[in-house]
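# Okay, structure incoming, though there's no sequence with it:
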């Protein structure tokens, strides 16, 4: 039974579920889980749809993911319509969400279906946590469901997030953690004036330049055995009125830190403030914390996943904490082991996003084997 996972992936892709509008993705999934006698609960907040479902009881493996996608962009640049799942002659399935992460969601569902049909009285519990708010603000999705589950004292032992974690070939990489992410929104204040009379103005661009140089050149940490060194990157700089003869009154600067477990968000804030104050800047500063770093050390879940991949594909899967943030940062707060394991991430968020159908079939098989190892 392999074709069913491709058909489900196609069904999900054809739902134009741009965050946080789920369309009918979760309805399709609920109907399939009902047929397996899952306990199903919808936990919706504002415009976000969230699904919590489980089958069995005891030691729990939870699959987590999202049904929402980013916009397709210019649809005229796509080889095929982005919300019309299309398989080309080489077996590549095209469509927005093909890799990120409707194929992962479909693989999860079909793996559970096949496992339960073969093991109707299985030990332990299989659970799902799905949201339609991961690609956008992520304020009413997984984070809210996790808060509710913690209140209920739900115990999750293992969690697999179906994000596209693979690099060059399916299964070559497993994410066992992620760096933290915090963004600074800075406004440096000056005095607007005529460029011919700089003594009557105060140029915020000139004032900020030494501080900018220090922010860029600072070594924030050296990383550790689990995380690469912290990276600070300028995202946006904007100043001026558009006129060539006007000194701007304000300079807006946005920069982001992807930080290792060697730092905390509070340490980053303090060090940035020290640099800004060192140069006697007049400024306003607003921070947005997207997520703390989290890590699942080598253990039962990582070992099981690596063993299954080795047996199935004869490759040694490496553990990695690279990349952006994911909803794993919220789930880790439940104290469970968390990994991200999915298809190749080469085309995510791009025009002509696609994934090879063989990858989806293999991923479904890997998920099913992990369930068997942990629960059967």
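Everything's here; your move. Nothing here was measured: the structure is a model prediction, and the numbers come from that model. Residues are numbered from 1 along each chain as shown.
# Please report how far residue 334 lies from residue 10.
Counting by CB to CB, to the nearest Å, the separation of residue 334 from residue 10 is 32 Å. C-beta here means a position set from N, CA and C on the backbone, and glycine is covered the same way.
# Would you mind telling me which of these two has the busier surroundings?
A direct count of neighbours by other CB atoms under 10 Å for residue 334 and residue 10 places residue 10 higher, at 20 against 16.
# phi, psi of that one?
phi -60, psi -40 (degrees, to the nearest 10).
# Identify the residue spatially nearest to it, adjacent ones excluded.
residue 85 (3.8 Å; CB to CB, 6 or more residues apart in numbering).
# Quick check, pLDDT for that neighbour.
The model reports residue 85 with a pLDDT of 97.
# just residue 291 next, same as before
Model confidence at residue 291 (pLDDT) stands at 88.
# from here on, count from 9
Got it, first residue is 9 now, which makes that one residue 299.
# can you tell me which residues contact it?
186, 188, 189, 333, 337, 338 (CB atoms under 8 Å, 6 or more residues apart in numbering).
# what about it, distance to residue 211?
Distance from residue 299 to residue 211, by CB to CB: 36 Å.
# Just to check, the residue nearest to residue 18 is in contact with residue 103?
Yes: contact criterion CB atoms under 8 Å: residue 93 and residue 103 qualify, at 4.5 Å.
# shouldn't residue 32 be in contact with residue 24?
No: using CB under 8 Å, residue 32 makes no contact with residue 24, being 10.1 Å away.
# any common contacting residues for residue 93 and residue 103?
By CB under 8 Å, 6+ apart, the residues touching both residue 93 and residue 103 are 18, 21, 22.
# Can you tell me, leaving aside adjacent residues, what's nearest to residue 54?
residue 148 (5.1 Å).
# helices or strands next to the longest helix along the chain in the packing?
Criterion DSSP state H: the longest helix present in the chain is helix 365-383. The contact analysis (3 or more CB pairs under 8 Å, 6 or more residues apart in numbering; DSSP states H and E) places helix 365-383 against helix 11-21, strand 68-74, strand 100-102, helix 111-126, strand 166-169, helix 308-321.
# avg pLDDT for that helix?
Averaging pLDDT residue by residue across helix 365-383 gives 97.
# How far off centre is that helix?
21 Å (CA atoms, centre = their mean, to the nearest Å).
# can you pull the buried residues of it?
Buried residues in helix 365-383, counted by 16 or more other CB atoms under 10 Å: 365, 367-383.
# On the pLDDT front, check residue 183 for me.
The model reports residue 183 with a pLDDT of 96.
# re the thing from before, need the helices and strands packed on helix 365-383 in JSON lines (columns: mean pLDDT).
As requested, these are exported to JSON lines (pLDDT from 0 to 100):
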{"stretch": "helix 11-21", "mean pLDDT": "97"}
{"stretch": "strand 68-74", "mean pLDDT": "98"}
{"stretch": "strand 100-102", "mean pLDDT": "98"}
{"stretch": "helix 111-126", "mean pLDDT": "98"}
{"stretch": "strand 166-169", "mean pLDDT": "98"}
{"stretch": "helix 308-321", "mean pLDDT": "98"}
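# between these, which gets nearest to residue 267?
Taking CB to CB, strand 166-169 is the member of the helices and strands packed on helix 365-383 nearest to residue 267, at 20.5 Å.
# Now residue 152: closest residue in space, sequence neighbours ignored.
Nearest to residue 152 is residue 53, by CB to CB, 6+ apart, at 5.0 Å.
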